[in-house]
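Chemist: Just the structure for this:
(one chain, ligands or ions: 1)
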Amino acid sequence: MAIPENVMTNDDMAAIVDTTDEWIQSRTGIKQRYIASEKESTSSLGLKAAQRALEVADVLPAELDMVIVATSTPDNIFPSTASLIQAWLGANNAGAFDLSAACSGFVYGVNMASQAIRSGSIETALVIGTETMSRILDWQDRSTCILFGDGAGAIVLQASEAEGGVLTSVLRSDGYGGDLLCVPSVGSLDSTSANGHKFNKMYMNGSEVFKFGSRVMTESIPQVVAQAGLTLNDISLIIPHQANQRIIQSAARHLKLDESLFMSNLENYGNTSAASIPIALCEAVQQGRVKQDDYLVFVGFGGGLSWASMVVRWGVPKPEEARGSFVNRQRRQLSYIFAFWRQRLNRFNRRMDEVVNRVHPTRGRMIRLRRKIERHPLE
Ligand code: UT7
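Modeler: Below you'll find the predicted structure:
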């Protein structure tokens, strides 16, 4: 996982909008959240989380076949944030794409990656949930801006003969509720008013989304567990989307489960959308709450409306016991350094081309032709 440096407490929030620490804590359970600085972005946080995941898994960037980034706050519409991260990692054998399923995105992404691995088309995938929600918040709307935070989490999935991994998933959407939680943006049908909401700012009907979240958590956890051929008694830990502690409490109450069966860390991070489940998973592993062969449930819900649940049989040892090797660590560092300079040089070359072209168009054409011949000598 990777978290921005700047922390913002509820008291800091109360200096911006008409709210109090007491209201936020009692209505949501959130005490603080992290906010990206100007230098940080969805891709930079995602990159850090990705590098840490590769370290723990002891996988080289060149081994990756696929990079999936679940996000609602990509750096650009395109190129995808996944492509940016793929380049910074030097994951030169990987495909890359962004996945838009709001707060359910990480579970969708893990499902896509595991299906591709099961089908035999790929072996190793990196799935990242990364967000800079602070960039799309309406900082005048106290009912939304107090809820969200920035951050990233990532996991590496790999083909294995061992039993376990992703057992089954339930992915669902109810697009009729799309207007309850949205960011009117490029492509909005009514570009002048965006249905009365602010452009590029999040709008949420809090109470409706609250009811939806509580309902789908209660329904989809038993559904996915039954689909895996298990009962709730088999589950060691449920890692829900970290939206509101009262939603988690409501699901626990309705399912007659102890609240402690649900991983919760939203008091420290707020709602980090697609990053919330991998961040919570990472902390659960660090705290020793996830052991090899445990059955876990991931459950996310959010914009779309969308929801997704998944049962995983955790197949790897704790990070300290993971098979890290000194040589691979050095190879990863080299890959990052090489990727960095490759991009710098590419950009420099393109800029030089532009300059030469402007000053001496014929010479510019000659240089481009020579480079093309060097790259593809047979053409
Ligand atoms: O990942 C996406 C998923 N998103 C969610 O899961 C969010 C789901 N929704 C929620 O978590 C809750 O609906 C909120 C936390 C957003 C709101 O809590 P609520 O208990 O549903 O409050 P409310 O919207 O019913 O508002 C109650 C009162 C209102 O005042 P009046 O009209 O009763 O005078 C609000 O204006 O609380 C007021 N209020 C606030 N007061 C102080 C709303 N936000 C604030 C605030 N500070 N930040």
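Chemist: Next, count neighbours for Arg350.
Modeler: Counted with other Cβ atoms under 10 Å, the neighbours of Arg350 add up to 10. Where C-beta positions appear, they are placed from N, C-alpha and C, glycine not excepted.
Chemist: Same question for Asp58.
Modeler: For Asp58, the neighbour count with other Cβ under 10 Å is 15.
Chemist: Let me know whether it touches Val327 as I believe.
Modeler: No: with contacts counted by Cβ atoms under 8 Å, Asp58 stays clear of Val327, the gap being 10.2 Å.
Chemist: Run through the residues of the stretch 201-350 of the chain sitting next to the ligand.
Modeler: 206-207, 209-210, 213, 243-244, 247, 271, 273, 302 (Cβ under 6 Å from any ligand atom).
Chemist: among the residues you listed, which two are most distant?
Modeler: Spanning the widest gap among those are Ser207 and Ser273, at 19.2 Å by Cβ to Cβ.
Chemist: Compare those two (neighbour count), which wins?
Modeler: Ser273 (33 against 10).
Chemist: for the more buried one, what are its contacts?
Modeler: Applying Cβ atoms under 8 Å, 6 or more residues apart in numbering to Ser273 gives the contacts 71-73, 102-103, 105, 129, 131, 133, 148, 302.
Chemist: how close does it get to Val359?
Modeler: 48 Å (Cβ to Cβ, to the nearest Å).
Chemist: can you check Ala274 too?
Modeler: 47 Å.
Chemist: Between these two, point out the one with more neighbours.
Modeler: Ala274 (34 against 9).
Chemist: Look at that one and give its secondary structure.
Modeler: helix (DSSP: H, G, I helix; E, B strand; the rest coil).
Chemist: Also the one 5 residues further on?
Modeler: Reducing the assignment to helix, strand or coil with three-state DSSP, the entry for Ile279 is helix.
Chemist: roughly how far apart are it and Ala53?
Modeler: 12 Å.
Chemist: Those two: which has the busier surroundings?
Modeler: With neighbours defined as other Cβ under 10 Å, Ile279 and Ala53 compare such that Ile279 has more, 28 against 22.
Chemist: so what's the more buried one up against?
Modeler: For Ile279, the contact set (Cβ under 8 Å, 6+ apart) comprises 1, 3, 129, 151-153, 242, 265, 269, 272.
Chemist: With secondary structure and neighbour count as extra columns, can I get those in JSON lines?
Modeler: Output for the contacts of Ile279, formatted as JSON lines (DSSP: H, G, I helix; E, B strand; the rest coil; neighbours: other Cβ atoms under 10 Å):
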{"residue": "Met1", "secondary structure": "coil", "neighbour count": "24"}
{"residue": "Ile3", "secondary structure": "coil", "neighbour count": "23"}
{"residue": "Gly129", "secondary structure": "strand", "neighbour count": "34"}
{"residue": "Gly151", "secondary structure": "strand", "neighbour count": "30"}
{"residue": "Ala152", "secondary structure": "strand", "neighbour count": "35"}
{"residue": "Gly153", "secondary structure": "strand", "neighbour count": "31"}
{"residue": "Gln242", "secondary structure": "coil", "neighbour count": "30"}
{"residue": "Asn265", "secondary structure": "coil", "neighbour count": "16"}
{"residue": "Tyr269", "secondary structure": "helix", "neighbour count": "25"}
{"residue": "Thr272", "secondary structure": "coil", "neighbour count": "33"}
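Chemist: Counting neighbours, what do you get for the residue lying closest to Ser100 once chain neighbours are set aside?
Modeler: Distances taken as Cβ to Cβ, 6 or more residues apart in numbering place Ser72 nearest to Ser100, at 6.6 Å, with adjacent residues excluded. When neighbours are counted by other Cβ under 10 Å, Ser72 registers 22.
Chemist: tell me the SS of Ser72?
Modeler: The three-state assignment at Ser72 reads coil, by three-state DSSP.
Chemist: what's downstream of the helix or strand harbouring Leu296, the next helix or strand?
Modeler: Using DSSP states H and E, Leu296 maps to strand 295-302. Sequence-wise, the next helix or strand downstream of strand 295-302 (DSSP H and E) is strand 306-313.
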